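Enquirer: Build me a model:
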Amino acid sequence: MNGLRYICDRLPSIAETMKIKSFLARPFASYIYKGIRKGMATAVADQDEILKTLLKVGRTTEFGKDAGLDKVNTYEEYKQAVAIRDYEQMRPYIDKIKEGKHNILWRGKPIYFAKTSGTTSGTKYIPITKDSIPNHINTARNALLCYMAETGNSLFTNGKMIFLSGTPELERVGGIPTGRLSGIVNHHVPKYLRTNQLPSYETNCIEDWETKLSKIVDETIDKDMTLISGIPPWMQMYFDELIRRSGKKISELFPSFSVMVQGGVNFEPYKAKLFESIGKNIDCIELFPASEGFFAFQDSQNAEGLLLNTNSGIFFEFVPANEIFNDNPTRLSLKDVKAGENYALVINSNAGLWGYDLGDTIKFVSTDPYRIVVTGRTKHFISAFGEHVIGEEVEYSLLKAAEEEKIHITEFTVAPYISEGEGKSYHEWFIEFENLPHNLDSLANKIEENLRKKNVYYDDLIRGNILRPLKITPVQKNGFIDYMKSIGKLGGQNKIPRLSNDRKLADGLERWTLKEEL
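Expert: Numbers count the residues shown, from 1 in each chain. Have a look, this model is predicted:
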């Protein structure tokens, strides 16, 4: 996901609910939960009010004057005045803020820059303002409070909790404190709430991921952890090291472990292996955060999808995913969305982001209330042959096949192989298995069948004999980790893209593939 997608970059804020004694946590949770449920009925009206507030402030800024926001009063007028833009198109305004100028994108100056690396933009500096910081701090808290109110489980608040995050150390850029979002949020945790938060501040400051992971295990292996949070691949690496050292499943090490909080990537490809490592199923809470804002959270253990954060300083726009690269794409506000359609997510916020294309695609699974699932990235797809295969389709196809074959997937990515000779081109699936399947052809055939059912264009290419069926290339154990380490992107906010439209990642993985025939 665009910018800082890791759940760790929000989760220290969950400490706001921690160490509230369990008998106080439940009434507070009930109070917040009722307010959130009430807001489900006013989502569209709340969005309208947020746009009005944004326009009122925006008119006084340099951006607002350039865009003519003083003449804008409706959403239709707003779409005419403010084009959809990415970070590169917003960079000139960000640069002015970095030079120390005021009232550029929002009133005054940002109180922080969240520093994150972009795929095409290099290092990005995302403003966080006095008005936008509550969105970052309160939403993760609210997710836990909803969980407490629904399940009645509040005892975990009295135990030790781990937040797998980046360094909390901040630098200054243009006089503005700048760093990873996890570090920024860490500075908003009251001191008296830190007693049950792990790892230590010193350990969180370690930059090298392997050194940091080892230290995290040192600090937690003899603690009875009650909540563990982070992005799924990070948590799996943490669990693997705990199991390697102790020889025990996670539930044996941490008998009181009852809640796992995660986000940043689709949970489903990692779910089976994580639960196997734990030794039992436990409750999970999924979040959808980014440097640019906290967009949605799981408000119920019994409903599909994540509740869209419709009353937290962000006005959302939705562009049909297949139009996002058009010069004049369709732009919809919340009231006009439909369930089941794939949209690119565009935000306008009190952080000073205007018409900002996040690069994420979502789909509504419900419009009463507005709940979504994240379906992928607008820049992560394969269309080397006109098929436009997206992340949601490959994840579904692989997971369904893996379940039928009773195998566990550690990590995977897909790239096109374009034949330069007489042979046909195809999709190459690089897969790291927990244990190699007995019949790789059977798995490949099932993935192929699933993908053809999901994507009619891909089906046409196979049926028309333009593409040959997909090929699976097994990756050595820890091959993806070793590859990320080799390019200096192990840990941090880095993760493997599910799809590439070229061979750069595929070629980089070659040295970690299994060469022998299976």
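
Enquirer: Could you report the neighbour count for residue 188?
Expert: By the measure other C-beta atoms under 10 Å, the count of residues near residue 188 is 14. Any C-beta I mention is one placed from the backbone N, CA and C, and that applies to glycine too.

Enquirer: Give me the pLDDT value at it.
Expert: Here the pLDDT value assigned to residue 188 is 76.

Enquirer: Same question for residue 34.
Expert: On the pLDDT scale, residue 34 gets 94.

Enquirer: which stretch of helix or strand covers it?
Expert: helix 22-40 (DSSP states H and E).

Enquirer: for that helix, packing partners?
Expert: Applying 3 or more C-beta pairs under 8 Å, 6 or more residues apart in numbering; DSSP states H and E, we find helix 22-40 packed against helix 133-151.

Enquirer: Can you name the next helix or strand after the helix it packs on?
Expert: strand 160-163.

Enquirer: who does that next one pair up with?
Expert: Using DSSP bridges, strand 160-163 pairs in its sheet with strand 197-198 (parallel), strand 225-230 (parallel).

Enquirer: For the first one, the averaged confidence score.
Expert: What that stands for is strand 197-198. On average, the pLDDT along strand 197-198 is 85.

Enquirer: buried set for the next helix or strand after that strand?
Expert: Going down the chain from strand 197-198, the next helix or strand is helix 201-204, by DSSP H and E. Across helix 201-204, burial judged by 16 or more other C-beta atoms under 10 Å covers 203-204.

Enquirer: how about the CA coordinates for helix 201-204, as PDB?
Expert: Extracted C-alpha coordinates of helix 201-204, given in PDB (Å, rounded to 0.1, in the frame of the first residue of the first chain):
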ATOM      1  CA  TYR A 201      12.500   2.200  23.300                       C
ATOM      2  CA  GLU A 202      16.200   1.300  22.900                       C
ATOM      3  CA  THR A 203      15.300  -1.800  20.900                       C
ATOM      4  CA  ASN A 204      12.800   0.000  18.700                       C
END
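
Enquirer: just to revisit the earlier point, got the strands paired with strand 160-163 as CSV, with distance to residue 67 columns?
Expert: Putting those into CSV (distance: least, C-beta to C-beta, whole Å) gives the following:
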stretch, distance to residue 67
strand 197-198, 42
strand 225-230, 39
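
Enquirer: Out of these, which one sits most buried?
Expert: strand 225-230 (a mean of 24; mean count of other C-beta atoms under 10 Å).

Enquirer: thinking again about what came up before, out of the strands paired with strand 160-163, which gets the lowest mean score?
Expert: Among the strands paired with strand 160-163, strand 197-198 scores lowest, at a mean of 85.

Enquirer: surely residue 275 meets residue 281?
Expert: Yes - here residue 275 reaches residue 281: they are 5.4 Å apart, a contact under C-beta atoms under 8 Å.

Enquirer: Quick check: residue 83 vs residue 317, distance?
Expert: 12 Å (C-beta to C-beta, to the nearest Å).

Enquirer: repeat for residue 489
Expert: Taking C-beta to C-beta, one finds residue 489 at 31 Å from residue 317.

Enquirer: Please name the residues that touch the nearest residue to residue 175 once chain neighbours are set aside.
Expert: If the residues on either side of it in the chain are set aside, residue 175 comes closest to residue 100, at 5.9 Å by C-beta to C-beta, 6 or more residues apart in numbering. By C-beta atoms under 8 Å, 6 or more residues apart in numbering, the residues touching residue 100 are 109, 174-175.

Enquirer: Report the buried members of those.
Expert: By 16+ other C-beta under 10 Å, the contacts of residue 100 give 109, 174 as buried.

Enquirer: Mind checking which of the contacts of residue 100 are in helices?
Expert: Per DSSP state H, helices hold no members of those.

Enquirer: which one among the contacts of residue 100 gets closest to residue 340?
Expert: residue 109 (42.1 Å; C-beta to C-beta).

Enquirer: Would you confirm that the closest one contacts residue 130?
Expert: No - Residue 109 sits out of contact with residue 130 when judged by C-beta under 8 Å, with a separation of 9.5 Å.

Enquirer: and the end-to-end length of stretch 188-202?
Expert: Start-to-end span of stretch 188-202 (C-alpha to C-alpha, to the nearest Å) is 17 Å.

Enquirer: now do stretch 33-51
Expert: Per C-alpha to C-alpha, stretch 33-51 runs 25 Å from first to last residue.

Enquirer: buried sites along that stretch?
Expert: Applying 16+ other C-beta under 10 Å to stretch 33-51 flags 33, 36, 39-40, 43, 46-48, 50-51 as buried.

Enquirer: For it, give me every contacting residue.
Expert: Contacts for stretch 33-51 (C-beta under 8 Å, 6+ apart): 75, 78, 142, 145-146, 149-150, 299, 307-308, 310-311, 313-316, 333-335, 348, 368-370.

Enquirer: and residue 489 and residue 317? which has more neighbours close in?
Expert: Legend: neighbour count by other C-beta under 10 Å for residue 489 and residue 317, higher for residue 317 (26 against 15).

Enquirer: what about residue 470, neighbour count?
Expert: 21.

Enquirer: For the protein, identify the residue most remote from the centre.
Expert: Most distant residue from the mean C-alpha position of the chain: residue 422, 40.9 Å away (C-alpha atoms, centre = their mean).

Enquirer: Now do the contacts for it.
Expert: Applying C-beta under 8 Å, 6+ apart, no residues contact residue 422.

Enquirer: Export the helix or strand harbouring residue 76 to PDB, keeping only CA atoms.
Expert: Of the helices and strands defined by DSSP H and E, residue 76 is found in helix 75-81. C-alpha atoms of helix 75-81 as PDB (Å, rounded to 0.1, in the frame of the first residue of the first chain):
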ATOM      1  CA  TYR A  75     -18.400  18.500  -4.600                       C
ATOM      2  CA  GLU A  76     -19.100  18.900  -8.300                       C
ATOM      3  CA  GLU A  77     -17.300  22.200  -8.300                       C
ATOM      4  CA  TYR A  78     -14.500  20.700  -6.300                       C
ATOM      5  CA  LYS A  79     -13.900  18.000  -8.900                       C
ATOM      6  CA  GLN A  80     -13.500  20.700 -11.500                       C
ATOM      7  CA  ALA A  81     -11.100  22.800  -9.400                       C
END
